[in-house]
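Chemist: got a structure for you, letters missing:
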């Protein structure tokens, strides 16, 4: 940053004040400062929107196609299902059968059914957490 003499700083400061004094009467009221701030925020948002549009409009034809829009969030490169396979594929053949799935999930039901009455009560399920994307709960995955 180059040196900034006091006189030059005053010129910059005065110009900045004039932006806030919308009616140019030498006084910046609260309403004028609010309006200036609103306009400045809108200008920043518009510039961000322009930049985003330009980034998304890959072929630069002024139209964002569904395919271009989809590029906003790229597909995951690798999904690791090792934990799910370990949990449900009891014979380790890399295939989960309905029997294997039921066996694992019923074992979890039985573990949670503390009083062994075949019903998961509100008290028993209060220990559960939010389901994860693979249908298990966080408490189940931590076992």
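Modeler: That came through, no problem. All values derive from a computational prediction rather than experimental measurement. Numbering: from 1, shown residues only.

Chemist: For the lengthiest helix in the chain, name the packing helices and strands.
Modeler: When the chain is parsed with DSSP state H, its longest helix is helix 30-56. Secondary-structure packing of helix 30-56 (3 or more C-beta pairs under 8 Å, 6 or more residues apart in numbering; DSSP states H and E): helix 6-20. C-beta here means a position set from N, CA and C on the backbone, and glycine is covered the same way.

Chemist: starting at the chain centroid, how far to the helix it packs on?
Modeler: How far helix 6-20 lies from its chain's middle: 40 Å, per C-alpha atoms, centre = their mean, to the nearest Å.

Chemist: try stretch 36-46
Modeler: 24 Å.

Chemist: sorry, back to before: check which element follows the longest helix of the chain along the chain.
Modeler: Under the assignment DSSP states H and E, the closest C-terminal helix or strand after helix 30-56 is helix 66-70.

Chemist: helices or strands next to that following helix in the packing?
Modeler: For helix 66-70, there are no packing partners by 3+ C-beta pairs under 8 Å, 6+ apart, so no helix or strand.

Chemist: buried sites along the helix or strand just after that helix?
Modeler: Later in the chain than helix 66-70, the nearest helix or strand by DSSP H and E is helix 82-88. By 16 or more other C-beta atoms under 10 Å, the buried positions in helix 82-88 come out as 84, 87-88.

Chemist: can you list contacts of the very next helix or strand once past helix 82-88?
Modeler: The C-terminal neighbour of helix 82-88 among helices and strands, as given by DSSP H and E, is helix 98-112. The contact list for helix 98-112 (C-beta atoms under 8 Å, 6 or more residues apart in numbering) reads 87-91, 116, 120, 124-125, 127-128, 140.

Chemist: Among those, which one has the most neighbours?
Modeler: In terms of neighbours by other C-beta atoms under 10 Å, the contacts of helix 98-112 top out with residue 87 at 21 neighbours.

Chemist: how close does the closest residue to that one other than its chain neighbours get to residue 110?
Modeler: Excluding the flanking residues, the one nearest residue 87 by C-beta to C-beta, 6 or more residues apart in numbering is residue 104, at 5.8 Å. Distance of residue 104 to residue 110, computed by C-beta to C-beta, to the nearest Å: 11 Å.
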